[in-house]
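> need coordinates for the below:
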Amino acid sequence: MGFHVDAEVGTLEQVLMCQPGVEAYLGSTMPKEQALQLEKFDINLMRQQWTNLKKMYTSMDVEVVDYKGVLGEASTPTMCFDDLVSGILLKYEGAERSIVEALLSEDVTTYGENAAIAMNEVLIGDLDIDTKKEVLANATFTCDPGMLVGPVCVLSKMRDPIRQREVEVYKTVMQALGHTDFFEVTEGVFEGGDGMVMNNAFYSGAGSRSTPEAIKQIGGMLHGRFGMDSWIIHIPEAPNMPAYREFLSAEGKSLEYDGNMGIMHLDTIAMAVLEGPVSGEKTIIYGCKTILQYCQAIPVQQGHPVSLLHHIEGDGYAIKGWGEIRDIPLYEQQQLEPNMTVVSVGTVAGIAPTQTETADMLELDEIYAPRIDMSEFAKCGGRGHCASGQLKKSAPWMSSMYAAANQAVEVPLARAV
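Take a look at the predicted model:
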């Protein structure tokens, strides 16, 4: 089988990563609401943190596929190095020549001049002053423009102008890698960070970045192809959650922008860490109860909403249709601590050095969770899971569902970094 992601909990074999470069730096020269950032970041430190995450995956026997390398090979340059630099500085008045030249030069060293220029031309977009072709400042978050559900690559439909062109570029990369099984979302809006498969079903957050219309369209396709049920997890906007609103007010954060950026995707609120078929007992979710208590679960195939969070024996909480929940405190959730990636059963990547309560809970659950600093990514509204477009993840208890539909697509082995 080629590219396939059986479930959120499984053995990760391949991941698509895009090192932040000139395109991310140019985003930092724009208003944060336009670039979809929470605060200014250090591009060099962000690049180092990306490299550290890549090294962590490699040490865990996960093959890292280089998004930029593939894109460079699939593209043709139209200008020379000096013209590209001049065009960037003319359009982005806040950009510093030394930083732009240094970042482009590193790409030339890594990919060769033609591929480096071609790839950056695509990511930066038109250099006309009045262009509507926006720079892809968030391209490093490779899980958002598309996601694999089994062998199907679901192509997102992004809400924000600065991210919309990511989908076509992501598809170019996937096609260059040999993938052919795509499903395009045409109803509403959807981003891959909202979706996950667990307990033999597809779950998607519906909040500021994804809508029920899109999730219903995806759910209909998955039910038709694999007999898979789907759930809409309705996430209210920040002003409509009193406990969250009080926290934001105390922190001096705006409700409409900072608040919604902190809960933009389901993978920033909750993440499956263990599933019953492999734990032998129960499914475990790491999520923020302060937010989840306001969420509703709506089954796509039936349509009757139910309260998502409910009490279980003792002081525990469970999520309807999911499993037992470990409560990540709100101050750690706001650092996007749920945004971890299951690398194998009993191992996750992406826990921050400062997030002690989450790490302590993982240790009690006997989950190996090496620490990694992704603080510069958090300033841009994402962390390790967002920056990890999963290409191959095997979950034996799910494989038969996809195989029975006889829809798996064989593709060549992906090129690694």
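> make it CA atoms for all contacts and neighbour counts henceforth
Will do.
> after the helix-or-strand element of the chain with minimal mean pLDDT comes which helix or strand?
When the helices and strands of the chain are scored by mean pLDDT, DSSP states H and E, helix 276-279 comes last with a mean of 63. Counting by DSSP states H and E, the element after helix 276-279 in chain order, helix or strand, is strand 284-287.
> I'd like the next helix or strand past that next one.
For strand 284-287, the following helix or strand on the C-terminal side (DSSP H and E) is helix 289-292.
> now do that following helix: which elements does it pack against?
Secondary-structure packing of helix 289-292 (3 or more C-alpha pairs under 8 Å, 6 or more residues apart in numbering; DSSP states H and E): helix 242-251.
> for the helix it packs on, which outside residues touch it?
With C-alpha atoms under 8 Å, 6 or more residues apart in numbering as the contact definition, helix 242-251 has outside contacts at 238-239, 254-255, 259, 290-291.
> identify the farthest-apart pair in these.
The largest separation in the contacts of helix 242-251, counting by C-alpha to C-alpha, is between S254 and T290 at 17.9 Å.
> how long is stretch 385-397 end to end?
The straight-line separation of the ends of stretch 385-397 (C-alpha to C-alpha, to the nearest Å) is 23 Å.
> name the residues of it that are buried.
For stretch 385-397, burial by neighbour count (16 or more other C-alpha atoms under 10 Å) applies to 385-395.
> and for it, what are the contacting residues?
When contacts are defined by C-alpha under 8 Å, 6+ apart, stretch 385-397 is touched by residues 2-18, 140-144, 147-148, 193, 267, 277, 339-341, 350.
> ok, stretch 271-288 next?
By C-alpha under 8 Å, 6+ apart, stretch 271-288 touches 8-9, 198-199, 269-270, 322-330, 333, 338-340, 342, 345-346, 348, 397.
> equivalent analysis for stretch 22-36, please.
The contact list for stretch 22-36 (C-alpha under 8 Å, 6+ apart) reads 37-41, 43, 92, 94-95, 100, 103-104, 120, 123-124, 135-140, 162, 257, 380-381.
> buried sites along it?
In stretch 22-36, counting by 16+ other C-alpha under 10 Å, buried: 22-28, 30, 35-36.
> same check, this time on stretch 137-155
Those would be 137-155, for stretch 137-155 by 16+ other C-alpha under 10 Å.
> using PDB, write out every CA atom in that stretch.
Output in PDB follows, covering the C-alpha atoms of stretch 137-155 (Å, rounded to 0.1, in the frame of the first residue of the first chain):
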ATOM      1  CA  ALA A 137       3.300  32.300   5.200                       C
ATOM      2  CA  ASN A 138       1.900  29.200   7.000                       C
ATOM      3  CA  ALA A 139       3.100  26.500   4.600                       C
ATOM      4  CA  THR A 140       5.100  24.900   7.400                       C
ATOM      5  CA  PHE A 141       1.900  23.600   8.800                       C
ATOM      6  CA  THR A 142       1.600  20.700   6.400                       C
ATOM      7  CA  CYS A 143      -1.300  18.900   8.100                       C
ATOM      8  CA  ASP A 144      -3.800  21.700   7.300                       C
ATOM      9  CA  PRO A 145      -4.100  21.900   3.400                       C
ATOM     10  CA  GLY A 146      -4.900  18.200   3.200                       C
ATOM     11  CA  MET A 147      -5.100  15.000   5.200                       C
ATOM     12  CA  LEU A 148      -5.000  11.300   4.500                       C
ATOM     13  CA  VAL A 149      -7.900   9.200   5.600                       C
ATOM     14  CA  GLY A 150      -6.900   5.700   4.800                       C
ATOM     15  CA  PRO A 151      -5.700   6.000   1.200                       C
ATOM     16  CA  VAL A 152      -7.800   9.100   0.300                       C
ATOM     17  CA  CYS A 153      -6.100  12.500   0.400                       C
ATOM     18  CA  VAL A 154      -8.800  14.900   1.400                       C
ATOM     19  CA  LEU A 155      -8.000  18.300   0.000                       C
END
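> so where do the helices sit in the stretch 51-200 of the chain?
Assigned by DSSP state H, counting those that start in this stretch, the stretch 51-200 of the chain shows helices spanning 67-73, 81-91, 97-111, 113-124, 161-164, 166-176.
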